[in-house]
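S.K.: got a structure for you, letters missing:
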């Protein structure tokens, strides 16, 4: 499985755009990139998934360069409720379970 | 509504006791997973099952057991052989994107 590296923590003020970058130098051809959000004492929640270029949904955007060795999760205009841990994972269709690292702890400050 | 249900939300175990955590899904997913999370840590894989009547050990399977007799159900038993079972346990199902349950917090008393 491709290993991912992401910052341990980040701070942001409300209303700012937050970009969390994840490195995955050994990503395989069949691997997708998936981001999850986890609040304390809750299960992780799927945010967004992509394979290449850019993916956007109602809560976030995911930017993936051509070499796919990194990806950036972009959260527009964060609020206090976006304070959570964000996990970046890479993996294929499910033949091998996803491996979760420690994630990035995002703290949004008023 | 489709989803994945874990019960109980809180569980207390006495020393030497086996306890079983329930996980049920109505998403028609073939694959199901059990993860353990310790404070401030990421999730670690205990067991997973990709099809009924088949399951595989994850990274920290020692002291745990599972069964997969039905597609919808994947219970986890924490045995007395697990020396440090106090943790937050999460069940998930899916392939490209996992759906997680709300977790069971197990405490040894």
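M.R.: Happy to help now that I have it. Everything quoted here is computed from the prediction, not taken from an experiment.

S.K.: low-confidence ranges in chain B?
M.R.: B:1-2 (pLDDT under 70).

S.K.: Contact residues of it facing chain A?
M.R.: Within reach of chain A by CB under 8 Å from any CB of the partner chain, chain B has these residues: B:31, B:33, B:35, B:40-45, B:48, B:50, B:58, B:88, B:90, B:92, B:94-103, B:105. Backbone N, C-alpha and C define where each C-beta goes, glycine included.

S.K.: try 10 Å
M.R.: Chain B comes close to chain A at residues B:4, B:6, B:9, B:29-31, B:33-35, B:37, B:39-45, B:47-48, B:50, B:56, B:58-59, B:88, B:90-92, B:94-103, B:105, as judged by CB under 10 Å from any CB of the partner chain.

S.K.: In strands, which of these fall?
M.R.: Counted as lying in strands by DSSP state E, out of the residues of chain B next to chain A, are B:4, B:6, B:33-35, B:37, B:43-45, B:47-48, B:50, B:56, B:88, B:90-92, B:94, B:98-100, B:105.

S.K.: Are any of the residues you listed buried, and if so which?
M.R.: Buried members of those, scored by 16 or more other CB atoms under 10 Å in any protein chain shown, are B:4, B:6, B:33-35, B:37, B:43-45, B:47-48, B:50, B:88, B:90-92, B:94, B:98-100.

S.K.: isn't there a helix covering residue B:15?
M.R.: No: going by DSSP: H, G, I helix; E, B strand; the rest coil, the assignment for residue B:15 is coil, not a helix.

S.K.: any idea how far residue B:44 is from it?
M.R.: Note on residue B:15: its distance to residue B:44, by CB to CB, to the nearest Å, is 23 Å.

S.K.: quick one, what contacts residue A:54?
M.R.: By CB atoms under 10 Å, 6 or more residues apart in numbering or on different chains, the residues touching residue A:54 are A:61, A:62, A:63, A:64, A:72, A:74.
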